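Asks: A structural model of the following input is requested.
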Amino acid sequence: MNPVKNLSAIRKLVQIGAFVFFVYGGTLTGYYLADKVSGALPALSCAYDMQGADLCTLIPFQHQMDHRLGEAIAGGGNLMMGLMPTLITLATFLVLFVFLNKAFCGWICPLGTVQELLHNLGQKLGLQRRESLDPGLVKRIRPVKWILLLLLVFGFPLLAGIGWVSHDLGDPFCKICPSRILTTLATGETSQLYLDSSSSILLVLSLTADFLFGLTVALALSVRQPFCRICPMLALHAVFRKLGLLRLVKLGTARCDRCGLCAKACPMDITDIHTEMEKRDVTFEDCTLCGRCVEFCPDKDVLQLKYALLPVFSADPAYFKQRKKAQRNWEKANLLSLLRGGQKLAGAKRQ
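Replies: A predicted model of the protein is given here:
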């Protein structure tokens with residue numbers, strides 16, 4: 001299949017370009033650009049990466065809860081002044097978010113990109129893969145991202161600022177975020193891969209960080225987007241997804257025969273897209289707007305990626321046939337199949 005016409009190939013190029021910019025872009029633009037661009041990026045681009053060109057919005061949210069709003073509450077100060085920095089960060093986040101909606105996860109996020117590349121590597125190594133997780137397990141996992149958002153991004157930092165918990169919990173999500181370790185390691189910096197024994201809280205957080213990073217890397221080889229499923233950024237996106245200009249639309253007409261191929265293609269195991277026949281906007285809370293469901297829908301225009309009212313990419317039977325063939329060829333070409341082919345060839349020569 002022509003890569004120029006392959007949405008997944010185009011998305012991969014965008015992802016790699018975004019990864020290079022957000023992880024290494026500061027080497028060209030200067031270190032302080034991270035503070036000048038926004039400081040409210042709707043993707044996990046880490047401030048601990050000294051070469052990065054921007055940083056994610058979860059970082060300022062935690063610090064503002066701790067050092068601004070929490071301290072204002074504890075000191076009996078002006079609550080509006082304590083809340084204002086958070087409102088400004090949120091407004092900046094929304095300006096960016098409206099532009100691409102949840103596609104910041106599926107097209108821009110460095111951690112999401114690496115998880116996909118690792119999964120591609122797992123395919124090529126011939127590892128046993130889980131195309132879809134058990135629906136019951138997916139349902140149990142989904143609340144985790146909301147718990148992390150409420151507790152680690154807003155809850156504990158606010159309590160730390162008020163003085164009810166240790167200030168070691170002033171930025172707990174940053175302390176366990178796999179992106180912090182990933183992006184710094186990508187620049188050759190190993191200082192974030194450590195155990196902090198200066199307090200019991202920091203020891204637990206650093207242990208959690210190292211474990212979560214290793215688990216994410218290991219799982220990504222065989223499970224699609226493991227950390228994305230519990231990422232608090234995905235939860236924050238879900239809150240505002242109705243405001244984004246880009247969205248996934250379904251025309252649940254008689255042309256949709258409920259084949260289930262869209263749900264099978266979804267890396268986040270969103271089965272609702274297969275069963276939903278009434279709602280037009282099917283940008284569900286776990287959707288990352290990657291577009292794979294549209295690619296693998298065989299029914300004309302049933303699924304579409306739309307920007308405002310304009311269709312950007314629509315399901316098409318001819319595209320589906322080419323894309324399915326390309327996917328089949330991609331999956332066949334792996335290390336195990338090559339080894340088996342070599343063994344058969346050697347056996348045939350011996351005979």
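
Asks: how close does residue 82 sit to residue 71?
Replies: 7 Å (C-beta to C-beta, to the nearest Å). To be clear about C-beta, it is placed using only N, CA and C from the backbone, and glycine gets the same treatment.

Asks: neighbour count for those two, which is higher?
Replies: Ranked by neighbour count (other C-beta atoms under 10 Å), residue 82 and residue 71 place residue 82 first, with 21 against 16.

Asks: what residues are up against the more buried one?
Replies: For residue 82, the contact set (C-beta atoms under 8 Å, 6 or more residues apart in numbering) comprises 68, 69, 70, 71, 72, 73.

Asks: can I get these in a markdown table with distance to residue 15, pLDDT and secondary structure?
Replies: Below are the contacts of residue 82 laid out as a markdown table (distance: C-beta to C-beta, whole Å; pLDDT from 0 to 100; DSSP: H, G, I helix; E, B strand; the rest coil):
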| residue | distance to residue 15 | pLDDT | secondary structure |
| --- | --- | --- | --- |
| 68 | 34 | 93 | helix |
| 69 | 35 | 94 | helix |
| 70 | 36 | 92 | helix |
| 71 | 39 | 91 | helix |
| 72 | 40 | 93 | helix |
| 73 | 41 | 93 | helix |
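
Asks: now list the buried members of those residues.
Replies: By neighbour count, with 16 or more other C-beta atoms under 10 Å, the contacts of residue 82 hold 68, 69, 70, 71, 72, 73 as buried.

Asks: CSV for those, including distance to residue 108?
Replies: Output for the buried ones among the contacts of residue 82, formatted as CSV (distance: C-beta to C-beta, whole Å):
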residue, distance to residue 108
68, 27
69, 28
70, 30
71, 33
72, 33
73, 34
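
Asks: burial check on residue 315, number of neighbours?
Replies: Neighbours of residue 315 (other C-beta under 10 Å): 24.

Asks: could you find the closest non-adjacent residue to it?
Replies: Once flanking residues are discounted, residue 315 sits nearest to residue 297: 3.7 Å by C-beta to C-beta, 6 or more residues apart in numbering.

Asks: how about the one you found, phi and psi?
Replies: Main-chain torsions, residue 297, degrees, to the nearest 10: phi -90, psi 120.

Asks: just the helices from the stretch 201-350 of the chain, written as ranges.
Replies: All helices of the stretch 201-350 of the chain, identified by DSSP state H, counting those that start in this stretch, fall at 232-240, 261-265, 272-275, 292-295, 317-332, 335-350.

Asks: which of the ones you listed has the lowest average pLDDT?
Replies: Of all the helices of the stretch 201-350 of the chain, the minimum mean pLDDT falls on helix 335-350 (a mean of 58).

Asks: residues in contact with the residue nearest to residue 315?
Replies: Contact analysis of residue 297 by C-beta under 8 Å, 6+ apart lists 261, 262, 303, 315, 320.

Asks: what do you get for residue 65?
Replies: So residue 65 contacts 86, 153, 154, 157, 158, 160, 161 (C-beta under 8 Å, 6+ apart).

Asks: out of those, who's the most crowded?
Replies: For those, the largest number of neighbours (other C-beta under 10 Å) sits with residue 157, at 28 neighbours.

Asks: quick check: that residue touching residue 172?
Replies: Yes. Counting by C-beta atoms under 8 Å, residue 157 does reach residue 172; the two are 7.2 Å apart.

Asks: identify the contacts common to those two.
Replies: In contact with both residue 157 and residue 172: residue 62, using C-beta under 8 Å, 6+ apart.

Asks: what's the distance between residue 168 and residue 179?
Replies: Distance of residue 168 to residue 179, computed by C-beta to C-beta: 20 Å.

Asks: mind telling me what element residue 15 is part of?
Replies: Using DSSP states H and E, residue 15 falls within helix 7-24.
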